[in-house]
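Chemist: what's the 3D shape of this:
(chains A and B)
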Amino acid sequence: MDASVNNAAFSQAALAHIDALYGYAMTLTRNATEAEDLVQETYLRATGAANQPQLNGNLKAWLFVIMRNAWLNQVRHDQSGPRFVELELNEQTDDARGNPHVVYLRKLEREQVRAAIEKLPEAYREIVVLRDFEDLSYQEIAMVLDCPAGTVMSRLGRARAKLRESLSTWQSKSRARAV
Amino acid sequence: MAEQEPCACGLILRMKNCEDIRRRLNLYLDNELLGEDRVAVETHLRECQSCAVIFEREQSFINAIRECRPLHVASPVLRARVQETLSGSERETTTARKVSRSRLTWGLAIAATLLLLLLPIVIWRTMSRSDKPTASSFALMAADHHLRRTRGQLPLEVETAAPQVISDWFANKVNFSVKLPNYQESSGQERLYELEGARLVGYKDDYAAYVAYLMKQRPISLVITSDSVVKPSGGEEIVARGLKFHYNAIHGLKVLTWSDRGLTYALVSDLEERGQQSCIVCHQGTKDQDLIAPLKPR
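Modeler: Presented below is the predicted three-dimensional model:
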């Protein structure tokens, strides 16, 4: 296959993961501007990388690895410490075209879940995003986080338990307010 | 993680199975179980109501999280920026490949031209080298020590004009016999040179004998080792009285190397022509003229 065709195909395949990468970047940076820069940086590194994976291979996990490494490098050079910025909760999705009442309830529920995720410790938040939002397998997550698959399994279990606990508290409070 | 709730199955063995299954519910929901493991969970969930309830609760919880997808969406501005990055990279790669291909073509052309131009020079140099082979390491070592001697950087370990003293001094220091002739004394001729002394010098992890002479205030060095250590080689070959001499000009010095009766010699000086005059340190009698004469340049 011609090299230029390969490049175009790679660009197209890589671009398909932009939302996932932005979501992960938001999880890491918790800042929209920094997340956008991180996404841009990730694509720059990916296009310049000599070891690009096959398009039918694990391109998404590979891009996530690049992003995480880029972020870690950035953090090492920037000693300003972790930053906490509110997640953007006003994004429009396809649900906005549905029943207004259902849309409202689902949006409310989504905001609850998002808020609960936001409160998770960083390592838990990251693993929940990679598994439940980005559908990466345990092995792929292990590759991104550079840790054993067993660690992924146990950390994910603890993260979900923490998230469930947080949501249960919120639901209890909501029920109490309703009564 | 599945909550640890009491199992309603009753039997102890079954209880153990329920614990195992509940521990694996997350793996099952995350599609990490395959084959028999997956079938075992599904079979158990069909048979065990208690575990099925926990499973449904866990599944609802994970679904609630996953229904929030996407958590974030890249803005059109970011998408445009990334597209620009990707297309820019494509252009650069294509251009780089074209340039690379072009450079390769030009590079090959230049290389071919240079090869054609340089080939005669390389052949000439190779032939020149075959005419004048490079000096041997022994000749180079001898010339180096001679230079150090002239600079005052090579003190003698034994200073004497008596050849026998020097021969005796080397007796237990090197594994070959150093016998220096004394033609001047025996012939009663004018003293053409002076014996200054000697020392050991290192060569190939062993010692060689270094003997210093002076002829009309011009130093001459004679270095001797066993021919089992080194055989003379390189330089211009001159045959005289059945011996093959190798002549080299090194740093302006004249170096003659040869082997005779189990020893290899190097004679270094800055004397005229090929330094053949230095041979008189051992061969100054008229009967030795047939040895020295062929060493003169023709």
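Chemist: number of nearby residues for the nearest residue to residue B:24 once chain neighbours are set aside?
Modeler: Among residues not flanking residue B:24 along the chain, residue B:41 sits closest, at 5.9 Å (CB to CB, 6 or more residues apart in numbering or on different chains). Any C-beta I mention is one placed from the backbone N, CA and C, and that applies to glycine too. By other CB atoms under 10 Å in any protein chain shown, 21 other residues sit near residue B:41.
Chemist: ditto for the one 10 residues further on
Modeler: Using other CB under 10 Å, residue B:51 is surrounded by 24 other residues.
Chemist: okay, and it sits in which element?
Modeler: helix B:49-66 (DSSP states H and E).
Chemist: coming back round to it: report pLDDT for the residue nearest to residue B:24.
Modeler: With respect to pLDDT, residue B:41 scores 92.
Chemist: equivalent analysis for residue B:101, please.
Modeler: Residue B:101 is assigned 55 on the pLDDT scale.
Chemist: coming back round to it: quick check: mean pLDDT of the helix holding residue B:51?
Modeler: pLDDT averaged over helix B:49-66 gives 91.
Chemist: tell me which helix or strand of chain A sits lowest on mean pLDDT?
Modeler: The least trusted helix or strand in chain A, going by mean pLDDT, DSSP states H and E, turns out to be helix A:100-119, with a mean of 74.
Chemist: and residue A:64, what does it touch?
Modeler: A:20, A:21, A:24, A:130, A:134, A:136, A:140, A:144 (CB atoms under 8 Å, 6 or more residues apart in numbering or on different chains).
Chemist: 7 Å instead, please
Modeler: Contact analysis of residue A:64 by CB atoms under 7 Å, 6 or more residues apart in numbering or on different chains lists A:24, A:144.
Chemist: quick one: it from chain B, how far?
Modeler: The gap separating residue A:64 from chain B is 14 Å, by CB to the nearest CB, to the nearest Å.
Chemist: okay, buried residues for the host helix or strand of that residue please.
Modeler: Secondary-structure assignment from DSSP H and E places residue A:64 in helix A:59-77. Across helix A:59-77, burial judged by 16 or more other CB atoms under 10 Å in any protein chain shown covers A:59, A:60, A:61, A:62, A:63, A:64, A:65, A:66, A:67, A:68, A:70, A:71.
Chemist: closest one of the residues you listed to chain B?
Modeler: residue A:63 (11.4 Å; CB to the nearest CB).
Chemist: test my guess that the closest one contacts residue A:46.
Modeler: Yes. Judged on CB atoms under 7 Å, residue A:63 makes contact with residue A:46 at a distance of 5.9 Å.
Chemist: shared neighbours of those two, anything?
Modeler: By CB under 7 Å, 6+ apart, the residues touching both residue A:63 and residue A:46 are residue A:14.
Chemist: part of a helix, is residue B:254?
Modeler: No. Going by DSSP: H, G, I helix; E, B strand; the rest coil, the assignment for residue B:254 is strand, not a helix.
Chemist: tell me, how many residues neighbour it?
Modeler: Counted with other CB under 10 Å, the neighbours of residue B:254 add up to 23.
Chemist: quick check: it vs chain A, distance?
Modeler: Taking CB to the nearest CB as the measure, residue B:254 falls 58 Å from chain A.
Chemist: returning to that earlier point: how about the residue nearest to residue B:24, what does it touch?
Modeler: With CB under 7 Å, 6+ apart, residue B:41 has these contacts: B:21, B:24, B:28, B:33.
Chemist: between these, which sits nearest residue B:165?
Modeler: Using CB to CB, residue B:33 is the member of the contacts of residue B:41 that sits closest to residue B:165, with 95.8 Å.
Chemist: how about the closest one: what's its closest non-neighbour residue?
Modeler: Closest to residue B:33 by CB to CB, 6+ apart is residue B:27, at 5.0 Å.
Chemist: name the element the one you found belongs to?
Modeler: If you go by DSSP H and E, residue B:27 is part of helix B:25-29.
Chemist: residues making contact with that helix?
Modeler: Under CB under 7 Å, 6+ apart, the answer for helix B:25-29 is A:157, B:1, B:2, B:33, B:38, B:41, B:54, B:55, B:58, B:59, B:62.
Chemist: pick the one among these closest to residue B:148.
Modeler: Nearest member of the contacts of helix B:25-29 to residue B:148, counting by CB to CB, is residue A:157, at 78.1 Å.
Chemist: now that closest one, what's its secondary structure?
Modeler: helix.
Chemist: looks to me like residue B:211 is in a helix.
Modeler: No. Secondary structure of residue B:211 (three-state DSSP): strand, not part of a helix.
Chemist: pretty sure residue B:178 sits against residue B:207.
Modeler: No. Contact criterion CB under 7 Å: residue B:178 and residue B:207 do not qualify, at 11.0 Å.
Chemist: thought residue B:82 was touching residue A:42?
Modeler: No. Between residue B:82 and residue A:42 there is no contact under CB under 7 Å: 9.0 Å.
Chemist: more crowded one of those two?
Modeler: Legend: neighbour count by other CB under 10 Å for residue B:82 and residue A:42, higher for residue A:42 (28 against 23).
Chemist: name the helices or strands packed onto the helix or strand encompassing that one?
Modeler: Assigned by DSSP H and E, residue A:42 belongs to helix A:32-48. Applying 3 or more CB pairs under 7 Å, 6 or more residues apart in numbering or on different chains; DSSP states H and E, we find helix A:32-48 packed against helix A:18-29, helix A:59-77, helix B:76-131.
Chemist: past the least confident helix or strand of chain A, which element shows up next along the chain?
Modeler: Next along the chain from helix A:100-119, counting by DSSP H and E, comes helix A:122-128.
Chemist: name the next helix or strand downstream of that following helix, please.
Modeler: helix A:138-145.
Chemist: which parts of chain A sit against chain B?
Modeler: Applying CB under 7 Å from any CB of the partner chain, we find that chain A lies next to chain B at A:3-4, A:7-8, A:11, A:14-15, A:18-19, A:22-23, A:26, A:36, A:39-40, A:43-44, A:47, A:88, A:91, A:109-110, A:113-114, A:128-129, A:131-133, A:137-138, A:157-158, A:160-161, A:164.
Chemist: buried subset of the residues you listed?
Modeler: The buried subset of the residues of chain A next to chain B (16+ other CB under 10 Å) comprises A:7, A:11, A:14-15, A:18-19, A:22-23, A:26, A:36, A:39-40, A:43-44, A:47, A:110, A:113-114, A:128-129, A:131-133, A:137-138, A:157, A:160, A:164.
Chemist: now do the same contact list for the residue most central in space within chain A.
Modeler: Centroid-nearest residue in chain A: residue A:24, 2.8 Å away (criterion: CA atoms, centre = their mean). Shown in contact with residue A:24 (CB under 7 Å, 6+ apart): A:64, A:67, A:129, A:134.
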